[in-house]
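Asks: Quick one, what's the 3D model for this:
(one chain, ligands or ions: 1)
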Amino acid sequence: MKLATIGVGNAGSKIIDRMLEFEDKTGRSLCRHVLVINSARTDLAKPDYVPEDRRILIGDTHKKAKGHGVGGDVEVGAEVAKHDIDEIRRAFDDVEIHEVDAIIVAAGLGGGTGSGAGPVVIEELQKMYDEPVYGLGILPGEYEGGRPALNAARSLQSFVQKVDNFIAFDNDAWRSRGQTIEEGYEQMNRELAVRIVTLLAAGEIDETDVAENAMDSSDIMRTLDTDGVSSIGYASTTISGDTDEGLLNRFREDEKPVGDATDAAKIKGLVRRAVNSRLTIPCEVTSADRALIILSGPSELISRKGIESARQWLENEADTVDILAGDDPRPNASELSAVVLLSNVTETPRVDEIQSQAVDAQDKIAELEAAREEEINELITDENDELDPVV
Ligand SMILES: Nc1nc2c(ncn2[C@@H]2O[C@H](COP(=O)(O)OP(=O)(O)OP(=O)(O)O)[C@@H](O)[C@H]2O)c(=O)[nH]1
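Replies: Residues are numbered from 1 along each chain as shown. As a prediction, the model looks like this:
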């Protein structure tokens with residue numbers, strides 16, 4: 001596919017940056033247009049791969065934001081985006097839309113800019129273009145507390161309503177012990193970038209002499225065309241003969257190198273590992289409406305028989321016949337990867353948890369407000385008593 005990629009807020013921009021890094025390192029060219037939008041000047045300076053002139057600061061004249069972010073306030077996030085919508089629109093004008101198949105908007109849903117400005121940006125894109133707009137949304141971890149959950153619960157609804165598909169990433173599921181939050185985010189962003197780029201960059205090469213099983217952009221778009229929430233699974237394996245120590249060291253212990261003649265069982269095994277891996281958002285696989293399997297790597301390692309047996313296995317596993325499978329030939333790849341898209345998954349426990357965490361947070365806010373009101377009333381009564389003339 002060819003994409004216009006837009007990051008809103010800090011997390012959204014960092015993810016777009018990691019996508020650009022991954023495509024640069026693997027010779028892909030998925031992100032044809034890039035834009036990052038933020039209300040915090042310092043965060044806008046962070047990306048390594050986003051060109052300087054593709055970074056927009058919003059809300060610098062707003063009395064609360066003033067170029068320092070919106071401090072987790074979704075309403076201010078939405079307000080600054082609406083206020084600066086002409087500037088955002090002008091940046092979109094540069095997008096040669098005929099060059100792209102779709103637009104993706106990435107944002108963290110727990111803060112104020114991504115969750116508030118994100119839906120405003122999406123709405124504008126939907127007005128301007130006929131191309132599908134996908135959301136790539138980060139759900140906050142439970143450890144962050146009630147406020148991010150409340151933000152996420154609210155903005156998740158508006159994201160899902162506005163986009164053609166919402167690909168979710170759950171920070172809770174990806175958090176690992178022994179890391180600072182920043183280190184954890186770095187790793188999560190890289191893992192997410194690998195999955196999203198491996199999935200969506202398939203079909204970007206129009207002409208290939210091994211196009212027999214090749215996945216097409218339209219296949220990916222068809223699978224995403226469900227208006228629902230999606231999750232991605234991924235697994236990769238070293239191709240034997242790779243002598244690059246640095247690369248070999250990166251692979252996990254359970255990833256055994258495959259031989260030159262990868263047979264159907266190995267392809268199926270890789271796809272099974274992808275589905276049983278940590279998904280971008282944990283979900284019940286059987287709740288998916290549609291699914292898509294892409295095998296990415298040198299085409300001589302990806303047999304048609306292997307693709308078909310993996311497809312049949314997933315058909316049983318996911319209990320749906322709406323499954324497309326194909327390859328993404330990458331002659332120089334040092335790994336063979338399987339990426340599985342589960343589209344319109346409805347059983348996602350973390351989404352339910354966020355909703356109930358948000359209800360609790362809302363109740364607590366209401367309690368605090370009621371207590372404060374009572375305190376103020378008491379103060380007023382006391383003051384009035386003091387002022388009462390002595391008879
Ligand atoms: N996976 C991941 N999540 C992140 C990262 N940075 C922040 N988050 C998550 O995204 C949410 C929003 O954080 P930010 O993106 O920093 O906030 P923002 O959208 O810029 O909004 P404000 O800071 O309120 O202006 C947080 O609550 C975290 O859940 C990151 O690098 N990776």
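Asks: Name the secondary structure element that contains residue 22.
Replies: Assigned by DSSP states H and E, residue 22 belongs to helix 9-26.
Asks: List the residues that contact residue 160.
Replies: Listed by C-beta atoms under 8 Å, 6 or more residues apart in numbering, the contact set of residue 160 reads 135, 166, 227-229. Glycine gets a C-beta too; all of them are placed from N, C-alpha and C.
Asks: Make a PyMOL selection of the buried ones in the residues you listed.
Replies: The command below creates a PyMOL selection of those among the contacts of residue 160 that count as buried (16 or more other C-beta atoms under 10 Å):
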select buried, resi 135+166+228+229
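Asks: tell me which residues in the helix holding residue 22 are buried?
Replies: Applying a neighbour-count criterion of 16+ other C-beta under 10 Å, one finds 9-23, 26 buried in helix 9-26.
Asks: Report pLDDT for residue 141.
Replies: Among the per-residue scores, residue 141 holds a pLDDT of 92.
Asks: State the pLDDT value of the spatially most central residue of the chain.
Replies: Within the chain, the residue whose C-alpha comes closest to the C-alpha centroid is residue 136; the distance, by C-alpha atoms, centre = their mean, is 3.0 Å. Taken from the predicted model, the pLDDT recorded for residue 136 is 98.
Asks: Is the residue nearest to it when sequence neighbours are not counted bridged to anything, and to what?
Replies: With sequence-adjacent residues excluded and distances taken as C-beta to C-beta, 6 or more residues apart in numbering, residue 136 is closest to residue 106, at 4.1 Å. Residue 106 forms beta bridges with residue 7, residue 136, as assigned by DSSP bridges.
Asks: mind listing what the residue of the stretch 251-391 of the chain found nearest the ligand touches?
Replies: At 10.2 Å from the ligand, residue 280 is the closest residue in the stretch 251-391 of the chain, using C-beta to the nearest ligand atom. Residues near residue 280 by C-beta under 8 Å, 6+ apart: 167-170, 192, 195, 231-233.
Asks: Just the ones of those in helices?
Replies: Secondary-structure check on those using DSSP state H: residues within helices are 192, 195.
Asks: Run through the residues of the chain sitting next to the ligand.
Replies: Taking C-beta under 6 Å from any ligand atom as the contact definition, the chain meets the ligand at 9-11, 14, 39-40, 69-72, 108, 110-114, 138, 140, 144, 148, 171, 185, 188-189.
Asks: Out of those residues, which end up buried?
Replies: By the neighbour-count criterion of 16+ other C-beta under 10 Å, these include these buried positions: 9-11, 14, 39-40, 69-70, 72, 108, 110-114, 138, 140, 144, 148, 171, 185, 188-189.
Asks: if we can go back for a sec, wait, the residue nearest to residue 136 touches residue 6, no?
Replies: Yes - counting by C-beta atoms under 8 Å, a contact exists between residue 106 and residue 6, whose distance comes to 7.2 Å.
Asks: Can you pull the residues that touch both of those two?
Replies: For the pair residue 106 and residue 6, residues contacting each of them under the criterion C-beta under 8 Å, 6+ apart are 12, 16.
Asks: So, low pLDDT: which residues of the stretch 51-200 of the chain?
Replies: Low-confidence segments of the stretch 51-200 of the chain (pLDDT under 70): none present.
Asks: Show me where it has its strands.
Replies: Under the criterion DSSP state E, counting those that start in this stretch, the stretch 51-200 of the chain carries strands at the ranges 55-57, 102-108, 133-139, 165-170.
Asks: how does this protein divide up, domain by domain?
Replies: Listed domain ranges for the chain are 3-200, 226-343 (source: automatic domain parsing).
Asks: For residue 370, find the nearest of these.
Replies: Each of the domains of the chain was checked against residue 370 via C-beta to C-beta, and the shortest separation belongs to domain 3-200, namely 16.5 Å.
Asks: Show me the beta-bridge partners of the nearest residue in space to residue 51 that is not next to it in sequence.
Replies: Nearest residue to residue 51 in three dimensions, chain neighbours excluded: residue 34, at 7.1 Å (C-beta to C-beta, 6+ apart). For residue 34, the beta-bridge partners are residue 5 (DSSP bridges).
Asks: Now stretch 358-372: buried residues?
Replies: Judged by neighbour count (16+ other C-beta under 10 Å), stretch 358-372 contains these buried residues: 358, 361.
Asks: now stretch 220-237
Replies: Counting neighbours by 16+ other C-beta under 10 Å, one finds that the buried residues in stretch 220-237 are 220-221, 223-224, 226, 228-237.
Asks: avg pLDDT for that stretch?
Replies: If you average the pLDDT over stretch 220-237, you get 97.
Asks: could I get it in PDB with only the CA atoms?
Replies: Extracted C-alpha coordinates of stretch 220-237, given in PDB (Å, rounded to 0.1, in the frame of the first residue of the first chain):
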ATOM      1  CA  ILE A 220      -5.700  -5.200   2.600                       C
ATOM      2  CA  MET A 221      -8.200  -2.400   2.200                       C
ATOM      3  CA  ARG A 222     -11.000  -4.900   1.800                       C
ATOM      4  CA  THR A 223     -10.000  -6.600   5.100                       C
ATOM      5  CA  LEU A 224      -9.900  -3.300   6.800                       C
ATOM      6  CA  ASP A 225     -13.200  -2.100   5.500                       C
ATOM      7  CA  THR A 226     -15.200  -3.200   8.500                       C
ATOM      8  CA  ASP A 227     -15.600   0.100  10.500                       C
ATOM      9  CA  GLY A 228     -14.400  -1.800  13.600                       C
ATOM     10  CA  VAL A 229     -11.400  -2.400  15.800                       C
ATOM     11  CA  SER A 230      -8.500  -4.500  14.600                       C
ATOM     12  CA  SER A 231      -5.600  -6.300  16.100                       C
ATOM     13  CA  ILE A 232      -2.300  -7.500  14.600                       C
ATOM     14  CA  GLY A 233      -0.200 -10.600  15.300                       C
ATOM     15  CA  TYR A 234       3.300 -11.100  14.100                       C
ATOM     16  CA  ALA A 235       6.100 -13.600  14.100                       C
ATOM     17  CA  SER A 236       9.400 -13.800  12.300                       C
ATOM     18  CA  THR A 237      12.200 -16.200  11.800                       C
END
